[in-house]
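**Student:** Just need the structure, nothing else, for what follows:
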Amino acid sequence: MRADAIRNLDSVLQTGARLLAHDPSTSITTIATEAGVDRRTVYRRFATREALLAAVFRTKLDATDQVFTDSRFDVAPVAVALHRYVEGIVPVMRRWPVDPERVRCDTEAYDRMLGQRERFSAFVQRAVEEGVLREDLPDGMARGLLLRMIDLVSSKFPDIEPAPAADLVVDALLCGIGQS
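**Tutor:** Predicted coordinates:
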């Protein structure tokens with residue numbers, strides 16, 4: 001692809017992610033206008049809004065796979081891998097705020113997302129087994145807390161840069177939020 005075509009595609013995907021996350025009924029014309037391209041440019045690539053949404057979701061999955069790789073869940077010390085993960089996933093969630101439940105019909109991508117969830121759960125289990133996280137919590141609680149904290153810093157605190165956001169999340173998860 002030419003450089004301008006790559007820029008246009010990236011702009012359409014990012015704009016589509018943002019607008020469709022806010023309003024699932026946003027039209028292709030509105031997305032094209034916001035992205036600064038002609039609607040025919042969007043339609044040449046995506047026949048429907050659902051096709052665009054599926055492309056956004058797959059792009060988010062690709063970015064998430066890269067975060068998993070960079071985090072080195074299997075080999076890095078748990079606290080280091082956790083910080084790397086949060087620092088990497090915050091920008092992904094901000095850039096691609098698509099709800100996975102909206103793309104259940106794309107079974108291949110949805111199954112891929114479920115695989116990512118399993119990989120993340122295995123990492124949290126490793127953290128429990130190594131004594132980094134408490135083992136007496138109800139099943140899924142540590143994972144759920146971590147995911148909700150990541151979602152919180154990603155969506156409600158957009159001015160916090162990824163590294164300080166990771167510092168906050170990891171510290172709150174490992175040390176708590178009470179006064180010492």
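
**Student:** what about the chain, any weak spots by pLDDT?
**Tutor:** Across the chain, the stretches falling below the confidence threshold (pLDDT under 70) are 1, 180.

**Student:** According to the record, where do the domains of it fall?
**Tutor:** When the chain is parsed into structural domains using automatic domain parsing, the resulting residue ranges are 1-47, 54-175.

**Student:** What are the phi and psi values at Arg134?
**Tutor:** Dihedral pair for Arg134: phi -60, psi 140, per degrees, to the nearest 10.

**Student:** Enumerate every residue touching it.
**Tutor:** For Arg134, the contacting residues are Val128, Ala142, taking Cβ atoms under 8 Å, 6 or more residues apart in numbering as the criterion. Just so you know, the C-beta spots here come from the backbone N, C-alpha and C atoms, and that holds for glycine as well.

**Student:** Gly36 touches Val12, doesn't it?
**Tutor:** No - with contact defined as Cβ atoms under 8 Å, Gly36 and Val12 do not form a contacting pair (9.2 Å).

**Student:** Neighbour count for these two, which is higher?
**Tutor:** Val12 (24 against 12; other Cβ atoms under 10 Å).

**Student:** secondary structure element for that one?
**Tutor:** The secondary structure element spanning Val12 is helix 3-22 (assigned by DSSP states H and E).
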